[in-house]
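>>> What follows is a predicted structure for the sequence shown.
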Amino acid sequence: SNYNDKIFELEKKNKQIKAYYIAEKKLITLMMKLEADIVVMTMPDLDNYHIKRSYLKKDIEYIFIPHSMDSLNMTMREKSMNNFDTIYVTDKYQRDEMEKTIKYYNLKNKKIIDWGYSLLDDMVEDYNKNKKENKIKTVLIAPSWQKDNIVDLCLEELLNELRGHEYKVIVRPHPQHVRHCREKFENLKRQYSKDDSVEIQTDFSSNDTVFNADLLISDWSGIVFEYAYTTKKPVLFIDTPMKIMNPTYDKINDNPINIWSRNVIGEVIKLDNLKNCSKVVEEMLNNKKKYHDKIDSLINDSVYNIGTSSEVGANYIIESLQKKIKGKEKKMKNKKLKTLGVIYFCIFINLMLTKNVKAYIDPSVMTYTIQAVAGIAIAIGAAVGIYFRRTKKKIGSKLNIDENKNKEVESDEIVIKKSSNK
């Protein structure tokens, strides 16, 4: 649904890919009329709101692929996964949430696939190729876009505490926040334009700023897992109000990863203690090894298929398609056998119900019958003969063949000789 999506570039390189841009207004009816074997989505809430399962094909397998590594229960709406057939999970904590969700709502015929996170695999590969040590330590502030985030609550106070130290501070707001409040960030740029230690960044064309930072400061953004798991560097969490999309999340899990992992991959600082944030930042920058080992242990203990998640995810889809193809072939074969069975059954019943009778056929009836059959045969023969001659004549005229060329034709002239009387 984005005409700038990278899939259109991939389509040029791979003939198996057929990409289409779907306008938002047409998306609703398109999803209702889909005829496919598998539909893969990164958008939750299937069949809960305007995006419905297909009304035409009831046996489509809908697969959900998460686009973050945090809680699927707390940061998404209630029942957002319930109408998918198959759910990919990034780690054992997402699996645990999905198993509890299936049990709590008594959901039937659901599959959970231990996938991993392909984006993380790509980020780790790119980071290991391009990582570098900064001459000047860099602290990145990357808030979420939720209500009461860092930008709305305490950004200027935070910058005033961090500026003027032996590290550079880069503010990289959420793209949607910039989109909706552009003037606000333009004012911040002007405000800090003469301060070399602070940069307000609104160009999101590259992720180098994110992964080259020595420390990340955030609130409840999902970027913290991507940053920490890729670089194994620490995160300082500003304790803003929680990002909760599902107010009843504790029915499934009262302590999701978004909460407890904050003290594993970094430190938490209260809003009323921001005056000490520069001190906390310096301590964390000087003890990166401690956080590196804790993050590394968390990744190896929980994340599935590190480095191979793309293959795992693709293989499941291919295997599922192959099963569906075999199922269709078997269904067609059974349909043919069923049809033959019905025919044989009808013949059998007909033979079983046939009775022998004694009857007399009048000879005149047979005569009339023979005459009728003979008349039909003669008529059919005549019709075929006429059709054959006409067809032959048309073909001959097309090929310039004269069928009378080698025939001797008698002249139609009549010559009368007068006898001479002498």
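Cool, got the structure. Numbers count the residues shown, from 1 in each chain.

>>> Which strand or helix spans residue 391?
Assigned by DSSP states H and E, residue 391 falls within helix 363-398.

>>> average pLDDT for that helix?
Averaging pLDDT along helix 363-398 yields 71.

>>> For residue 247, give me phi and psi.
Dihedral pair for residue 247: phi -60, psi -20, per degrees, to the nearest 10.

>>> ugh, wrong one, I meant residue 152
Main-chain torsions, residue 152, degrees, to the nearest 10: phi -80, psi -30.

>>> how many neighbours does it have?
The local packing of residue 152 (other Cβ atoms under 10 Å) involves 15 other residues. For glycine as for every other residue, the C-beta is placed from the backbone atoms N, C-alpha and C.

>>> Pretty sure residue 109 sits in a helix.
No - using DSSP: H, G, I helix; E, B strand; the rest coil, the assignment for residue 109 is coil, not a helix.

>>> Can you read off the pLDDT for it?
What the model reports for residue 109 is a pLDDT of 94.

>>> what's the closest non-adjacent residue to it?
residue 85 (6.9 Å; Cβ to Cβ, 6 or more residues apart in numbering).

>>> would you list every one of the helices in the stretch 151-300 of the chain?
Applying DSSP state H, counting those that start in this stretch to the stretch 151-300 of the chain gives helices spanning 155-162, 175-180, 182-191, 208-212, 223-231, 257-260, 262-265, 277-286, 288-302.

>>> Just the pLDDT for the residue nearest to residue 261 when sequence neighbours are not counted.
With sequence-adjacent residues excluded and distances taken as Cβ to Cβ, 6+ apart, residue 261 is closest to residue 298, at 7.1 Å. pLDDT, the model's per-residue confidence, is 97 for residue 298.

>>> Tell me how many other residues surround residue 298.
Neighbour tally, residue 298, other Cβ under 10 Å: 20.

>>> same deal with residue 280?
Residue 280 has 18 neighbours, counted by other Cβ under 10 Å.

>>> Pull the contacting residues for it.
Shown in contact with residue 280 (Cβ atoms under 8 Å, 6 or more residues apart in numbering): 236, 267, 269.

>>> which residues does the second one bridge with?
Meaning residue 267. Beta-bridge partners of residue 267, counted by DSSP bridges, are residue 236.

>>> I figured it was touching residue 239, is that so?
No - if you go by Cβ atoms under 8 Å, residue 267 and residue 239 don't touch, sitting 10.4 Å apart.

>>> which residues does the residue nearest to residue 261 contact?
Contacts of residue 298 were listed using Cβ under 8 Å, 6+ apart, and they are 261, 264, 265.

>>> If we only consider those, which is nearest to residue 92?
residue 261 (12.8 Å; Cβ to Cβ).

>>> What separation is there between that closest one and residue 268?
As judged by Cβ to Cβ, to the nearest Å, residue 261 and residue 268 stand 11 Å apart.

>>> Which one's more surrounded, those two?
More crowded of residue 261 and residue 268, by other Cβ under 10 Å: residue 261, with 23 against 13.

>>> ok, now how distant is that one from residue 252?
For residue 261, the distance to residue 252 equals 17 Å [Cβ to Cβ].

>>> before we move on, back to that, Throw together a ChimeraX command that grabs the buried residues out of the contacts of residue 280.
With 16 or more other Cβ atoms under 10 Å as the criterion, this ChimeraX line picks the buried residues out of the contacts of residue 280:
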select :236,269
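
>>> Format the contacts of residue 280 as CSV; extra columns: distance to residue 39 and pLDDT.
Output for the contacts of residue 280, formatted as CSV (distance: Cβ to Cβ, whole Å; pLDDT from 0 to 100):
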residue, distance to residue 39, pLDDT
236, 40, 97
267, 42, 96
269, 43, 96
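
>>> which one of the contacts of residue 280 sits closest to residue 374?
For the contacts of residue 280, the residue nearest residue 374 by Cβ to Cβ is residue 236; the value is 105.3 Å.

>>> any idea how far residue 209 is from that closest one?
Distance from residue 236 to residue 209, by Cβ to Cβ: 17 Å.

>>> List the contacts of the residue nearest to residue 275 when sequence neighbours are not counted.
Closest residue to residue 275 apart from its sequence neighbours, by Cβ to Cβ, 6+ apart: residue 161 at 6.4 Å. By Cβ under 8 Å, 6+ apart, the contact list for residue 161 reads 274, 275, 277, 278.

>>> ok, of these, which one's closest to residue 149?
Using Cβ to Cβ, residue 274 comes nearest to residue 149 of the contacts of residue 161, at 14.5 Å.

>>> Let me know how buried the closest one is, in neighbour terms.
Using other Cβ under 10 Å, residue 274 has 18 neighbouring residues.

>>> Please renumber the chain so that the first residue is 454 from this point on.
Shifting the count to begin at 454 puts that one at residue 727.

>>> So it is in contact with residue 608, correct?
No - the pair residue 727 / residue 608 is not scored as a contact, 10.6 Å apart, by Cβ under 8 Å.

>>> Show me which helix runs longest in the chain.
Criterion DSSP state H: the longest helix present in the chain is helix 762-806.

>>> Tell me which other helices or strands that helix touches.
strand 491-494, strand 514-517, strand 539-542, strand 564-567, helix 571-583 (3 or more Cβ pairs under 8 Å, 6 or more residues apart in numbering; DSSP states H and E).
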